[in-house]
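[1] what follows is a predicted protein model with its sequence.
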Amino acid sequence: MTQPPHDEPTATSPEELREQVERTRTELGDTVEALAAKTDVKARAQEKAAEVKEQAVVKAGELREQAAVKAGQLKAKAADLAHQAQDRLPEPVRDTAAQAAGQARAKAAQAGQLWDEKAPEPVRRKTARGARLARDNRKVLLTAAGVAVVAWLACRRPKG
């Protein structure tokens, strides 16, 4: 126990000895802190959770950005296809379709305004709730409509 470590020279003065002791205390304190940090499972788990959360936030941002880029590309492609289809239509057909669409929008707006003015409040609430249910269950309704059309066509077919 009285022998100095092999890698450190022996102190030649009491001041040097004090410096060696202080240095050893500091190193020992750092070592104890490092060991304590390694054994603090809760703190390490929290650090790891924070790290994983940060990675998830970064990845979500990247995916959001990629989705926005892809949506922009799809929107541009859809607009291009719509223009191509519109360019292929003869002008009289285009004019007639634009006029019919304008008239349909006007009629729909007029019907909506009339509905708001004339329908009683409880009926409007129930209708709005029904529309919301239909929107939320769109797939089920479309499937049911498809089955009904197939059944109607099957019954309509002449037997022979």
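    Structure's in. What do you need?
[2] give me the domain ranges for this protein.
    14-88, 120-160 (automatic domain parsing).
[3] could those go into JSON lines alongside mean pLDDT and mean neighbour count?
    In this view, the C-beta of every residue, glycine as well, is placed from N, C-alpha and C. Below are the domains of the chain laid out as JSON lines (pLDDT from 0 to 100; neighbours: other CB atoms under 10 Å):
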{"stretch": "domain 14-88", "mean pLDDT": "87", "mean neighbour count": "10"}
{"stretch": "domain 120-160", "mean pLDDT": "83", "mean neighbour count": "9"}
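[4] the most centrally placed residue in the chain: which element?
    Closest residue to the average C-alpha location of the chain: R64 at 6.6 Å, with CA atoms, centre = their mean. Here R64, judged by DSSP states H and E, is contained in helix 41-88.
[5] ok so, going back, between the domains of the chain, which gets nearest to A101?
    When the domains of the chain are compared by CB to CB, domain 14-88 sits nearest A101, at 12.2 Å.
[6] what about that closest one, distance to the chain center?
    With CA atoms, centre = their mean, to the nearest Å as the basis, domain 14-88 stands 19 Å off its chain's centre.
[7] same check, this time on stretch 132-139
    That offset, for stretch 132-139, works out to 22 Å (CA atoms, centre = their mean).
[8] residues making contact with it?
    L141 (CB atoms under 8 Å, 6 or more residues apart in numbering).
[9] take it, keep the C-alpha atoms, and write them as CSV.
    Coordinates of each C-alpha in stretch 132-139 appear next as CSV, following Å, rounded to 0.1, in the frame of the first residue of the first chain:
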residue,chain,number,x,y,z
ARG,A,132,-72.0,13.5,-41.7
LEU,A,133,-72.8,9.8,-41.1
ALA,A,134,-72.8,9.1,-44.8
ARG,A,135,-69.5,10.9,-45.2
ASP,A,136,-68.0,8.9,-42.4
ASN,A,137,-69.3,5.6,-43.7
ARG,A,138,-68.7,6.3,-47.4
LYS,A,139,-67.2,2.9,-48.2
